[in-house]
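Q: Sequence and predicted structure are below.
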Amino acid sequence: MSATRRPPSGRARNGGPLVSVLLPTYNRHRYLGEALASVLRQTHNHLEVFVVRDGGQEVADVVDSFQDARVIFIDRKENRGKPYSLNEALSQARGKYIAYLDDDDVYYPHHIETLVNALEAQTDCQVAYTDLYKTSCEVLPGGSRVPLSKHVAISRDFDRFLMLYFNHVLHVSLMHRRELLDQTGLYNEDLSILIDWDITRRLAFFSDFHHVSVVTGEYFSPAGESDRISFQQRKDSEGYLRNLLTIRTTRPAKPWSKIGDLSIILLTDRVSNRTADTMLRIWRHTFYPYKLHVPLPPAEIARMNVDMPHVELVLVPPVSSMAERVDAALQRSEGDYVAVVPENLAIEEMWVENPLYALINSAGRDGVLLEGATPQSWAAVLRRSDLEQARRSYPHLSVDASLAAAGIPMRRPQAEELPFQFDELLRQARAAEADGDWGTAARIFECMGERHRNALWMKTMAAHAYFKVGDRARAESLSREINRERPTVDTLLLEARMQRRKGDFDAAIHLLGRAEQVLGRDPVCPVRPAGGLCSTQAESFQR
């Protein structure tokens, strides 16, 4: 059973919307006080903080020590998991906005104010997120943490297609409207890992995310073996895959305002092992939201044993052509896009997402062939409206012939039309770094910033690469640009190095002072070498 308690005293509140901060905790007594203190010292103090003990160590003494009426303590002895804890807090949350904090991470004082201001100013975005420092630390035998370095590991602009595939928004940096959960649904309590991605992925069905390129907190990353539950549970490969597939196939209730649905029509003459294998591969290798329609005559439907989500068996006459089967499935489907797939098509990662992405971003009236499609094994993805028109106009032709007769050309996607161009370039740049080819890496990073957004992040990467290759002028120029807009410890130290090498020690000292000020926002870096910088960053300046 849970007990909910509020301390008796509190602070005066400022104006602005109420923000509900959810802080689940499990066996982190040592760190919880630092996390909770970081919430309570926010410049936007019109908030309520739900501390949820998900079993484990007693933490009532930590919570009671604050004596702040904004803290609602849900004290539960049973360990029910993070999703249950978050839902338990959400059942009581009254805020216009919801924010999240893990029990071993911290906010900087301007975190909530920054996000509230962004959401109040934006007309379309109902979700916003900031940047965070990744604080690499050594965990001593007693459990205390010694910070080794701080850097912005990721500063990525929102990419909806990527969000469907992989989470690129840290939950601690996130804030969203409470009412969005009425559309997405609450946390899935059957999940044991990737819990944060599950909800951010669902949020992307209904809203754009506004990226605020400001560092407003930090998350801790222990050097070596991590005790984080998410890290430990990744070791169970079967459990990880089960959670991954559950998230990928989650479909919130419609209507979806930001994502078009995909209907996949699987064509087969008869149910066979190949049919089952193709369906399984579709399930494992498709991350775009879809529903699978399999048109079959009654005798074949009776042979089907479907243990896969979002599958509809469509009844067709025993003697029916493949075109007639497509027509029957099309009448039952509701996708904005339709993929027609023969069962002998090779299904691999990105099998439908590559052509679908090209189609979504195409201004023309066309369809896109799937990889491996041939005249004998025709496979393509189309806009539903185009396919319906072709079939209405030319119902007696084959599907591909009806499209040709309707003037809807078919094509293959071009390389520049494929998704994740940024990620491929990032892979190439990091491979160049690993090979010591810093010049190539620097040029790729700069190109990425110019053509693929994420400008600050890419400028930072390029500046460090130029420094490595010995192009000090370019490294200094880029680091100065970054520090005018969003100074971080790493970029301030980099510019300071440049000034020291030029003999401008006053400028170098000034930049070191600014880096010290940035670190001074951190309440949990108690062990620092002379000069105040965390150890590895101080050493890097000496180099």
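A: Sure, I can see it. Residues are numbered from 1 along each chain as shown.
Q: For Arg5, report the pLDDT, please.
A: pLDDT recorded at Arg5 is 70.
Q: residues near the residue lying closest to it once chain neighbours are set aside, how many?
A: Once flanking residues are discounted, Arg5 sits nearest to Phe73: 4.8 Å by Cβ to Cβ, 6 or more residues apart in numbering. The way it works is simple: take the backbone N, C-alpha and C, and place the C-beta from them, glycine included. The burial count assigned to Phe73 is 23, neighbours taken as other Cβ atoms under 10 Å.
Q: Gly407 now?
A: Burial of Gly407 is recorded as 12 neighbouring residues (other Cβ under 10 Å).
Q: Alpha carbons only: can I get stretch 387-402 in PDB?
A: C-alpha atoms of stretch 387-402 as PDB (Å, rounded to 0.1, in the frame of the first residue of the first chain):
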ATOM      1  CA  LEU A 387      -4.100   3.700 -55.300                       C
ATOM      2  CA  GLU A 388      -7.800   4.000 -54.700                       C
ATOM      3  CA  GLN A 389      -8.200   6.200 -57.800                       C
ATOM      4  CA  ALA A 390      -6.300   3.800 -60.000                       C
ATOM      5  CA  ARG A 391      -8.300   0.800 -58.700                       C
ATOM      6  CA  ARG A 392     -11.700   2.600 -59.200                       C
ATOM      7  CA  SER A 393     -10.800   3.700 -62.700                       C
ATOM      8  CA  TYR A 394      -9.200   0.400 -63.900                       C
ATOM      9  CA  PRO A 395     -10.500  -2.400 -61.700                       C
ATOM     10  CA  HIS A 396     -10.000  -5.100 -64.300                       C
ATOM     11  CA  LEU A 397      -6.300  -4.400 -64.700                       C
ATOM     12  CA  SER A 398      -3.500  -5.700 -62.400                       C
ATOM     13  CA  VAL A 399      -2.400  -3.300 -59.700                       C
ATOM     14  CA  ASP A 400       0.700  -2.000 -61.400                       C
ATOM     15  CA  ALA A 401      -1.100  -1.700 -64.800                       C
ATOM     16  CA  SER A 402      -3.900   0.200 -63.200                       C
END
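Q: what does that stretch rub up against?
A: Stretch 387-402 has contacts (Cβ atoms under 8 Å, 6 or more residues apart in numbering) with 321-323, 326-327, 330, 338, 340, 367, 375, 378, 380, 403, 405-406, 408, 410.
Q: Out of these, name the ones that lie in strands.
A: The strands, defined by DSSP state E, take in 338, 340, 367, 380, 410 from the contacts of stretch 387-402.
Q: The first one: neighbouring residues, count only.
A: Yep, that's Val338 we're talking about. Applying other Cβ under 10 Å, we find 26 residues neighbouring Val338.
Q: what does the last one give?
A: Using other Cβ under 10 Å, the number of residues around Met410 comes to 15.
Q: need the contact list for it.
A: Met410 neighbours (Cβ under 8 Å, 6+ apart): 366-369, 380, 400, 403-404.
Q: Next: the second one.
A: Contacts of Val340 were listed using Cβ under 8 Å, 6+ apart, and they are 265, 267, 326, 378-382, 387, 399.
Q: So which of the contacts of stretch 387-402 sit within helices?
A: Applying DSSP state H to the contacts of stretch 387-402, the entries found in helices are 322-323, 326-327, 330, 403, 405.
Q: Give me the buried subset of those residues.
A: 322-323, 326-327, 330, 403 (16 or more other Cβ atoms under 10 Å).
Q: Relative to Gln57, how far out is Trp197?
A: Distance, Trp197 to Gln57, by Cβ to Cβ, to the nearest Å: 27 Å.
Q: neighbour-wise, which of these two wins?
A: Under the criterion of other Cβ under 10 Å, the comparison of Trp197 against Gln57 puts Trp197 first, with 21 against 13.
Q: Could you tell me the model confidence score at the residue nearest in space to the middle of the chain?
A: In the chain, the residue lying closest to the centroid (Cα atoms, centre = their mean) is Asn167, at 2.1 Å. pLDDT, Asn167: 95.
Q: Repeat that for Ala515.
A: Looking at Ala515, the pLDDT reads 85.
Q: That one against Arg497, yeah?
A: No: contact criterion Cβ atoms under 8 Å: Ala515 and Arg497 do not qualify, at 11.2 Å.
Q: Domain map for this structure?
A: If you go by automatic domain parsing, the domain ranges for the chain are 2-248, 262-417, 421-542.
Q: now the ones you listed in TSV, with distance to Lys254?
A: Shown next, in TSV, are the domains of the chain (distance: least, Cβ to Cβ, whole Å):
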stretch	distance to Lys254
domain 2-248	9
domain 262-417	8
domain 421-542	29
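Q: nearest to Trp256, of these?
A: domain 2-248 (4.5 Å; Cβ to Cβ).
Q: hmm, back to that, and which of the contacts of Val340 is nearest to His46?
A: When the contacts of Val340 are ranked by distance to His46 (Cβ to Cβ), Val381 comes first, at 47.9 Å.
Q: so what's that closest one closest to, chain neighbours aside?
A: Ala339 is the one closest to Val381 (Cβ to Cβ, 6+ apart), at 4.3 Å.
Q: and the one you found, bridged to which residues?
A: Applying DSSP bridges to Ala339 gives these bridge partners: Ile264, Val381.
Q: My guess is it contacts Asp261. True?
A: No: taking contacts as Cβ under 8 Å, Ala339 lies outside contact range of Asp261: 11.5 Å.
Q: Please enumerate the shared neighbours of the two.
A: Tyr290.
Q: Looking at those two, which has the bigger crowd around it?
A: Ala339 (28 against 20).
Q: now the more buried one: how far from Arg284?
A: Taken as Cβ to Cβ, the span from Ala339 to Arg284 is 16 Å.
Q: The contacts of Met410: which two are farthest apart?
A: Across the contacts of Met410, the longest distance by Cβ to Cβ is 14.7 Å; it joins Val368 and Ala404.
Q: neighbour-wise, which of those two wins?
A: Val368 (24 against 15).
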